[in-house]
Every structure is written in structure tokens, then in C-alpha cells.
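Participant: next input, structure requested:
(one chain, ligands or ions: 1)
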Amino acid sequence: MRIGITCYPTYGGSGIVATELGLELAMRGHDVHFITYANPIRLDATIPRIHYHEVEVSNYPLFQYPPYCLALASRMADVADSYKLDLLHVHYAIPHSISAMLARQMTQKTRRLPFITTLHGTDITLVGMDPSYFGITKFSIEESDGITAISHDLRRHTEEVFGVENEIRVIHNFVNCDTYAPDPERRGRARFAADGEKLLIHLSNFRPVKRVLDCIRILAEVRKQTNARLLMVGDGPERGPAEHLAGQLGVQDYVEFVGKQNGVERLIRLADVLLMPSEMESFGLAALEAMACGVPCVGTRVGGVPELVVSRS
Ligand code: GMT
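Facilitator: Model prediction:
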């Protein structure tokens, strides 16, 4: 098939899942066209049957807010016509599924262009709940030709809150176990923790929903009992406050912030435990990545997390 994929090409889990899915589909013989505003970070465009189409948004001075949704719809329709796409698969409802719906309408004289929407979490639980987006999110879901959600919890939430009656299929997040695998020798661990020290790791976009400050508090508590260090991977609005809190709690020498990283599996597999104290998490891709690397996850019992992290207590 010829498939168009749209996602946020950043460090978020939805973009990672979309990229990995596209790569797998290409390896299985499908032609995959990424239609995004930047090259997805894990996309290797040298792989056969992978194509990348950038969405450019012109910023005319009249626009206080450049209409990305329209530029995306227009690009989707162009790519669909030029490359004879069979379908669009959009990750994260807002605004991708509305753009896909417009592209479907724009191309209807020349082709049938169904679109699948994959709901990832905050598009439903946070952004979509905002009154300014609620109606359009519900409409775009109902207009989708197929809907998937990344956990049973997210499906339930979508049905309950949005009153959506279309079938929503659950397809859990996944990882490539060739990439995410344990390293029994833990090569490189000495860079982050000495012998006899435990290494905790946190990996996120450092938004408030991730409760990044709790990771610092956890380290301070753990250090009352055992020698431990914390590796903070990622970046976002809570990084500054977390660095400040580490100073206040006197653990600043035991926390290392390494910022956004490619190839996170190389860091995850060095750790003893992954911390995921999120306030809300529709799945928790980082937990799955950690467990695939042989690293247990301690997370909050919220959203879809219990669907993958099974409590031992
Ligand atoms: O967690 C975020 O803020 C990023 C967000 C995204 O869209 O990239 O993550 C969501 O999608 C991930 C991939 O499907 C899920 O593993 C995360 O649990 C989900 N985040 C939340 O529900 C908070």
C-alpha cells in the first residue's frame, strides 16, 4: 500500500510510535510517506520506500497564528494525488485528523482517501478536554474512517468523555526488541554511577503532567537509605524547577540532566530502575522501553500504566 503518516516529529512518544510503525511498514514492502513539519527524529530516510514531505507554513504578517492545519491539509492532498496514496494515518488527533478530513474532501473527485486516527493520550485527556478544542476533537474522531487508541483506558476515556460511538480499536504502544534489549555488561555505566551506587533514570518531555519534581524528591528519599544517583533524560518546562529543587534538597551532586538524547536505549539499559511518577499517562512508552531493556519501572497507577506495569507489591 501507499500510506501517508502524519505525527509530531519531536521527542514525544506519539512521534516515536508513528516513526517506528512507518519504518516497519516500509520494511514489509509498503511505501510510506511522512508528511510533517520537520523530519521525525528517528526517521532514516535512506531506508527504501521511506519518503519525507515537509509541510511549510507561510507566515503572512496578517496571521497572528499561522494556519498550520490548513497547510498540512493542502500538503496531504498534494502528496495523496502525486503519489496515489491509499490512506492517511494520523497520530495525535489535534489538528492532524481535521487536516486529514479536509484532505479527504479535497481529493474526493480523484480518489478515495480514508484516514485512520490514532489517539495517543493528551490529545484526549488534556488538550481535547479544553473547551476550545472539545467540539472539533469529537468531530474529527467521528469523521475518521478508523480509530485506534493506545490503551483500553484511553479508549474508555474517549467513549465516556466524548460520547463517541464509532469502534475504537486498542493497539498498545510497542518497541523494537532488537533495539531495546538489555546489555548484561552495562557498558558505559561508570560514566554515570560508581560501583555500589544505584542508578535511577527518568525520561520524558519534562511537562508538568510528568511530575518531574517528584523524581528529585524520590532521589532525596532513596538516598536516605542507599547510595543512588539520578539520570534525567529529556527537556522541557519543568527542568529549571527540578534543578532548583535538587539544590534545595541538597542532592544536586547526585542528579545529572543530560537533555534530549537520541538512542535513549543506550542510557536506559545502564539504570537499575526507571521512575515514571506521571500524574496522567495513557500508556507510558518509556516504561515499555525500560522493561524491554531489562530495567524495572516504578510508576504511578494512572491511565493505561497498569496495562503494562504489573505491581509486585
Ligand atoms: O506524554 C506526552 O506528553 C507526549 C505524548 C505524545 O503524544 O507524544 O505521549 C502520549 O503518547 C505516548 C505514545 O503513544 C504514550 O506512551 C504516552 O503515555 C502519552 N502521554 C500521556 O498520556 C501523558
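Participant: low-confidence stretches in the stretch 101-250 of the chain?
Facilitator: With pLDDT under 70 as the threshold, the stretch 101-250 of the chain has no low-confidence stretch at all.
Participant: would you mind listing what in it touches the ligand?
Facilitator: With C-beta under 6 Å from any ligand atom as the criterion, the stretch 101-250 of the chain comes near the ligand at residues 120-122, 150, 173, 205, 207, 209. No exception for glycine: its C-beta is placed from N, CA and C like everyone else's.
Participant: most neighbours of all these, which one?
Facilitator: For these, neighbours were counted using other C-beta atoms under 10 Å, and residue 121 has the most, 30 neighbours in all.
Participant: pLDDT score for the closest residue to that one other than its chain neighbours?
Facilitator: Computed as C-beta to C-beta, 6 or more residues apart in numbering, the closest residue to residue 121 that is not its neighbour in sequence is residue 282, at 3.1 Å. If you check residue 282, the pLDDT there is 97.
Participant: swap in residue 313?
Facilitator: At residue 313, the predicted lDDT confidence score is 65.
Participant: quick one: buried residues of the strand or helix carrying residue 161?
Facilitator: With secondary structure defined by DSSP states H and E, residue 161 is part of helix 152-162. Of all the residues in helix 152-162, those buried under the rule 16 or more other C-beta atoms under 10 Å are 153-155, 157-158, 162.
Participant: same for it, what does it pack against?
Facilitator: Packing contacts for helix 152-162, counted by 3 or more C-beta pairs under 8 Å, 6 or more residues apart in numbering; DSSP states H and E, involve helix 122-125, helix 131-143, strand 146-149, strand 168-170.
Participant: okay, now the residue nearest to residue 121: neighbour count?
Facilitator: 30.
Participant: thought it was touching residue 156?
Facilitator: No. Look at residue 282 against residue 156 with C-beta atoms under 8 Å: they stay out of range, at 10.6 Å.
Participant: please report how far the residue located most distally from the centre of the chain lies from residue 81.
Facilitator: Among the residues of the chain, the one whose C-alpha is farthest from the average of all C-alpha positions is residue 109, by C-alpha atoms, centre = their mean at 34.5 Å. From residue 109 over to residue 81 the distance is 10 Å, taken as C-beta to C-beta, to the nearest Å.
Participant: and if you look at residue 194?
Facilitator: Remark: distance between residue 194 and residue 81 (C-beta to C-beta) = 59 Å.
Participant: which one's more surrounded, those two?
Facilitator: It is residue 81, of residue 194 and residue 81, that has more neighbours when counted by other C-beta under 10 Å, with 15 against 10.
Participant: isn't the more buried one up against residue 107?
Facilitator: Yes. Look at residue 81 against residue 107 with C-beta under 8 Å: they come within range, at 6.0 Å.
Participant: can you mark which positions in stretch 222-234 are buried?
Facilitator: Buried residues in stretch 222-234, defined by neighbour count with 16+ other C-beta under 10 Å: 222-223, 228-234.
Participant: and the contacts of it?
Facilitator: Residues external to stretch 222-234 that are found in contact with it (C-beta atoms under 8 Å, 6 or more residues apart in numbering): 11, 192-193, 196-206, 212, 215-216, 218-219, 239, 242, 251, 254-261, 264, 267, 270-271, 275.
Participant: now with 6 Å, please.
Facilitator: Applying C-beta atoms under 6 Å, 6 or more residues apart in numbering, the set of residues contacting stretch 222-234 from outside is 192-193, 197-206, 219, 254-258, 260-261, 267.
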